[in-house]
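**Student:** Below: sequence and its predicted model.
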Amino acid sequence: MTTFSKQTYESRRAVLRQRVGEGLIVIFGNNEVPYNYPANTYNFCQDSSFVYYFAQKRDGLVGVIDCESGDEWLIGNDIDIDDIVWMGETPSVADMAAEIGVARTAPMARLAELVNEARAKGRTVHFLPPYRHDIQIQIMDLLGIHPSKQKEAASLKLIHAVIDQRACKTAEEVAELEKAAKVGYEMHTTAMHKIREGVSELEVAAEVNRVACAHGYISFPTIFSMHGEILHGIPRDNKLEAGRLVICDSGCEIGSHYTSDNTRTMPVSGKFTQRQKDIYNTVLAAHGHALTIARPGVKWIDVHLAACRVLTERLKELGLMCGDVDEAVAAGAHALFMPHGLGHMMGLDVHDMEALGQIYVGYDDEVRPSTQFGTAFLRCGRRLQEGFVMSDEPGIYFIPQLIDEWRAKGLHKEFINYDKVETYKDFGGIRLEDDILITADGCRLIGERQIPITVEDVEAEMAR
């Protein structure tokens, strides 16, 4: 069963064929990946671009589009009785092709023939940058390009065409993202109900993951840690301690492969201290400010910098920063506290299309990546368009090692009150994240209900 109608996939491929214009497009689906021996595999995840154009979620498939003739193929081997015994009956490749409006099918051996015929006529064979070693080997066998050269050899014309299509979400795609957001709401409120002193990080993370797995799968390994200053802190067998904060950054990938990604920071004791409230409300103000300015035509890097200015203003009020706010942000002094970008694109991937090359997904000829610490990790800087889905995720982190290094080097001492910052080394970190849809005249949150986010609402949810 495909997510959308046959006409949706036919239309997507027709647009792609028109935009690429010439040559043979080859889009590789994923294969099963062994965990520790061939028959014990990781949960199968289909390539997102293959899902977008060819829909099917079975392993061992390749989609081919001839831009000149319009011919399309779904390439793959039908499974045999040995596979059926273990895995159950699977539709034939011909049935899967008919479901998405592809007229031609062939076994995998035919792929090399199609590619060789195109190359013999001097035609371009377009492929996307591979990110799995088995596909890299397959491309090397087909085209003779060593895996170390395939990223550079991938078709820029195809990359740009795919990004242009996938970046702006249609109404039916937004509906799937709303479904994923509903699961995300349940995941995070579950965490709020399970957090209490003495429970381990692993126990709460397991409950969060259980919710996702009841509806699909986690969209990335769940981040759950009292060490919120570690940006990607994985859950460990640490017992939750009263007085500490804990970060939960998690999301769900539902059956259609559309994803959610949210972060909340909560007090283990169920109540924020005043010091925690001060920093929390600073992050919340930056999060809210981004929502007021994100709209079509605005550069995402400007939304990022505007959020950073809010953080800097508030940190200055708390005595942690000093000097001129605009000068501090221009110098990158705020990155001691927020050493990452405001957010990234969302969709079929939790970092949508990042495998195609972030320089192409998030940037263009007008907006180029920064080399400044912190802003260099901003995954998108380009002008927003209606239909973009972005994550809005400011944070403040007190990373002892980074504080020590900057202070030893005397970095930005005109903007940072290091004596005051020293007293926060045991604080941890706070991040607040929601997914937003860029609309015709602004933006809105994805999800019919926002996960509790104010101090009052988080405390009330944790008390339920």
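**Tutor:** Looks like it came in fine. Nothing here was measured: the structure is a model prediction, and the numbers come from that model.
**Student:** can you map out the strands along the stretch 101-250 of the chain?
**Tutor:** Here the stretch 101-250 of the chain has its strands, by DSSP state E, counting those that start in this stretch, at 104-106, 125-127, 216-218, 223-225, 245-250.
**Student:** what does the last one rub up against?
**Tutor:** Right, strand 245-250. 184, 187-188, 191, 195, 201, 204-205, 208-209, 212, 218, 220, 222-226, 228, 232-233, 240, 261-268, 276, 427-431, 433 (CB atoms under 8 Å, 6 or more residues apart in numbering). All C-beta atoms are positioned from the backbone trio N, CA, C, and that covers glycine.
**Student:** Longest helix in this structure, please.
**Tutor:** Longest helix in the chain by number of residues (criterion: DSSP state H): helix 171-194.
**Student:** what's the distance between that helix and the middle of its chain?
**Tutor:** In terms of CA atoms, centre = their mean, to the nearest Å, the centre of helix 171-194 is set 15 Å apart from its chain centre.
**Student:** Can you point out the buried residues in it?
**Tutor:** By neighbour count on 16 or more other CB atoms under 10 Å, the buried set for helix 171-194 is 173-174, 176-192, 194.
**Student:** Among the contacts of strand 245-250, the buried ones, what's the ChimeraX command?
**Tutor:** Buried residues within the contacts of strand 245-250, by 16+ other CB under 10 Å, are selected in ChimeraX with:
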select :184,187,188,191,195,201,204,205,208,209,212,218,220,222,223,224,225,226,228,233,240,261,262,263,264,265,266,267,268,276,427,428,429,430,431,433
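**Student:** Next step: the contacts of strand 245-250 restricted to helices.
**Tutor:** Under the assignment DSSP H, the contacts of strand 245-250 contribute 184, 187, 188, 191, 201, 204, 205, 208, 209, 212, 276 to helices.
**Student:** So residue 78 is in contact with residue 91, correct?
**Tutor:** No. Contact between residue 78 and residue 91 fails when scored by CB atoms under 8 Å: they sit 9.2 Å apart.
**Student:** Show the contacting residues for residue 352.
**Tutor:** For residue 352, the contacting residues are 48, 166, 167, 344, 345, 346, 361, 389, by CB under 8 Å, 6+ apart.
**Student:** can you check residue 431 too?
**Tutor:** Applying CB under 8 Å, 6+ apart, we find residue 431 in contact with 228, 247, 249, 263, 265, 283, 393, 394, 395, 397.
**Student:** Same question for residue 219.
**Tutor:** Contacts for residue 219 (CB under 8 Å, 6+ apart) come out as 180, 212, 251, 252, 253, 259, 260, 261, 350.
**Student:** tell me the phi and psi of the spatially closest residue to the fifth one that is not a sequence neighbour?
**Tutor:** It refers to residue 253. Computed as CB to CB, 6 or more residues apart in numbering, the closest residue to residue 253 that is not its neighbour in sequence is residue 219, at 4.1 Å. Main-chain torsions, residue 219, degrees, to the nearest 10: phi -80, psi -10.
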